[in-house]
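Chemist: The following comprises the amino acid sequence and a computationally predicted model.
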Amino acid sequence: MEKQGKRSNRLVLVPGSFRGHLNPMLQLGTILYSQGFSIIRPLLREYTSFNFASQCQCKAPFQECLARLTEKQNSDEEKISCIIYDELVYFSEAVATEMKLPSIILRIGGITAFMSRDAIVPQAEGNNFLQVSNSTSNYRSWIKRGSARILSPQVKGSTFFEIRVITQVVKELRNTRKSSAIIYNTIDFLEQSSLARTLQQFHLPLFSIGPLHKFAPALSSILFDEDISCMRWLDEQTNDNTIIYVSLGSITQIYENELAEMACGLANSNQPFLWVVRPGSVRGSEWIESLPEGFEEAVGQRGCIVKWAPQKQVLAHAKVGGFWSHCGWNSTMESISEGVPIICRPNSGDQRVNGRYISNVRRVGLEMENELNRREVERAVRRLMVDKEGLEIG
Ligand code: UDX
């Protein structure tokens, strides 16, 4: 229920620029607004990607923007009471400190992945990457292996310089500096052990408040136009729990040959599918020009391809019985919230920890780890959607 009347306590929200980062911050803003807060979201044009240069470029304009806002404040109601920032936009904290404002960090990923990421630093400094025991019983070794997973492609062929840069970034991100609190967008029961350990480790208040998408109304798509025709297509399908939904989020890119292997595997699995292929997500192609010849037949018979879907509605649809996901944290929570089991095909960073956690610890998905080829795709889809194993996972 939205609070009416005069708004007090202005909050400044500083989101990360990727879709997976923007959404949770906007959802948090919507919830806070409904509770009577007034919300400001500065537009930082320079902040389009995560790197040290953009952090430096953005600090001064952000500070100027806040200074203008504070100059104009005529009453207590107009005072800025706090800055809530995505941890990737960490220059916000320095600005808050200089302006004597409290700040809160929003961490949009899973706590388990954060713990794995933070473990990169001591491991890099001790130079003992990949020297981690294989025992799954030991939580600490699980987290250490998670950190190796986050880095795996980098570690194999990486130079000392590359590892140093990654370690430096992680050091920046794990430094909570003078922030007053950390907010996590996670589900308590999903990450109980990690949450308990994080509470012991940090000496500032932590709030686990997710899944935000369940508490905030659906936001109309900001970065991409949703193709809602796929909802009609889903309605027209005959049986419940039979559609495999395929989407790799807002950043992941694949190669043309991977698109072709995905297409052939989906066609050979004989399962109906709803597939999001984001324009620009296939390297070297605008959209789906490189799909193999004859694939239209499979699409005509039992498939639907769109550029962007209303994902939360799709996952809540009775006809959808599985999700092939890159395991971005938002997709992970959206799927788990709807009880849809996942084929985990992580691409990078935290996604690798999420994928392993979903499949090996929470057992609500299965990993497709081997080389992406049509046989693996067909096998994974059939394992999840047709075999007894899939029914048990669901
Ligand atoms: C990024 C990182 O890549 C990821 O590792 C991190 O965990 C979060 O930030 P992204 O890759 O975009 O996120 O994936 P994800 O976290 O799953 O977010 C994608 C969002 O886009 C979800 O909220 C999903 O509902 C939405 N989406 C995706 C749509 O609305 N329609 C689509 O067709 C596809």
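Modeler: That came through fine. Residues are numbered from 1 along each chain as shown.
Chemist: what does the stretch 51-200 of the chain put close to the ligand?
Modeler: Applying CB under 6 Å from any ligand atom, we find that the stretch 51-200 of the chain lies next to the ligand at 108, 109. Every C-beta, even on glycine, is put in place using the N, C-alpha and C of the backbone.
Chemist: Report the closest residue of the stretch 51-200 of the chain relative to the ligand.
Modeler: Per CB to the nearest ligand atom, residue 109 is where the stretch 51-200 of the chain lies closest to the ligand, at 4.7 Å.
Chemist: my guess is that residue contacts residue 329, does it?
Modeler: Yes: the pair residue 109 / residue 329 is scored as a contact, 4.5 Å apart, by CB atoms under 8 Å.
Chemist: so what sits against both of these two?
Modeler: Overlap of the contact sets of residue 109 and residue 329 (by CB atoms under 8 Å, 6 or more residues apart in numbering) consists of 185, 350, 354.
Chemist: Output the longest helix belonging to this structure.
Modeler: helix 52-72 (DSSP state H).
Chemist: so what does that one touch, helix or strand wise?
Modeler: Packed against helix 52-72 by the contact rule (3 or more CB pairs under 8 Å, 6 or more residues apart in numbering; DSSP states H and E) you find strand 8-14, strand 80-86, helix 91-98.
Chemist: Kindly reformat the ones you listed as TSV and extend each row with mean neighbour count.
Modeler: Compiled in TSV, those are given as follows (neighbours: other CB atoms under 10 Å):
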stretch	mean neighbour count
strand 8-14	20
strand 80-86	21
helix 91-98	21
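Chemist: quick revisit: make JSON lines out of the shared contacts of residue 109 and residue 329 and add pLDDT.
Modeler: Putting the shared contacts of residue 109 and residue 329 into JSON lines (pLDDT from 0 to 100) gives the following:
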{"residue": "185", "pLDDT": "96"}
{"residue": "350", "pLDDT": "93"}
{"residue": "354", "pLDDT": "96"}
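Chemist: From the contact counts, what lies against the helix or strand hosting residue 274?
Modeler: Element membership for residue 274, per DSSP states H and E: strand 273-276. Judged by 3+ CB pairs under 8 Å, 6+ apart, strand 273-276 is in contact with helix 229-236, strand 243-247, helix 256-269, strand 303-306.
Chemist: try 7 Å
Modeler: strand 243-247, strand 303-306 (3 or more CB pairs under 7 Å, 6 or more residues apart in numbering; DSSP states H and E).
Chemist: Can you pull the domain assignment for the protein?
Modeler: For the chain, the structural domains run 10-108+176-214, 113-166, 223-388, going by automatic domain parsing.
Chemist: and the angle from the helix or strand containing residue 21 to strand 80-86?
Modeler: Secondary-structure assignment from DSSP H and E places residue 21 in helix 19-34. On the basis of axes from the mean of the first three to the mean of the last three CA atoms, to 10 degrees, helix 19-34 is oriented at 160 degrees to strand 80-86.
Chemist: Show me which positions of helix 19-34 end up buried.
Modeler: 19-30, 32-33 (16 or more other CB atoms under 10 Å).
Chemist: Where does pLDDT dip in the stretch 1-150 of the chain?
Modeler: Counting by pLDDT under 70, the stretch 1-150 of the chain contains low-confidence ranges at 1-8, 42-55, 75-77, 127-137.
Chemist: For the ligand, what is the nearest residue in it?
Modeler: residue 20 (2.1 Å).
Chemist: In CSV, list the C-alpha atoms belonging to the strand holding residue 274.
Modeler: Extracted in CSV, the C-alpha atoms of strand 273-276 (Å, rounded to 0.1, in the frame of the first residue of the first chain):
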residue,chain,number,x,y,z
PHE,A,273,10.8,-24.2,-26.5
LEU,A,274,10.6,-20.4,-26.0
TRP,A,275,14.0,-18.9,-26.8
VAL,A,276,15.1,-15.4,-26.2
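Chemist: hey, where'd the strands end up in the chain?
Modeler: Taking DSSP state E as the test, the strands found in the chain are 8-14, 37-40, 80-86, 103-107, 181-184, 206-208, 243-247, 273-276, 303-306, 320-325, 342-344, 365-367.
Chemist: Kindly indicate which of the buried residues of helix 19-34 lies nearest residue 203.
Modeler: residue 28 (23.3 Å; CB to CB).
Chemist: Contacts only, for residue 336.
Modeler: 190, 364 (CB atoms under 7 Å, 6 or more residues apart in numbering).
Chemist: That one and residue 94, how far apart?
Modeler: 36 Å (CB to CB, to the nearest Å).
Chemist: again with residue 56
Modeler: Taken as CB to CB, the span from residue 56 to residue 94 is 10 Å.
Chemist: okay, and for the stretch 151-300 of the chain, where does confidence drop off?
Modeler: Low-confidence segments of the stretch 151-300 of the chain (pLDDT under 70): 152-162, 177, 218-223.
Chemist: give me that answer again for 90
Modeler: 151-178, 199-204, 216-224 (pLDDT under 90).
Chemist: What lies in contact with stretch 288-296?
Modeler: Contacts of stretch 288-296 (CB under 7 Å, 6+ apart): 256, 259, 260, 263, 264, 267, 277, 282, 305.
Chemist: Can you select the buried ones from these in ChimeraX?
Modeler: A single ChimeraX command selects the buried members of the contacts of stretch 288-296 (16+ other CB under 10 Å):
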select :259,260,263,264,267,277,282,305
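Chemist: hey, what's residue 104 bridged with?
Modeler: Taking DSSP bridges as the rule, residue 104 bridges to residue 84, residue 181.
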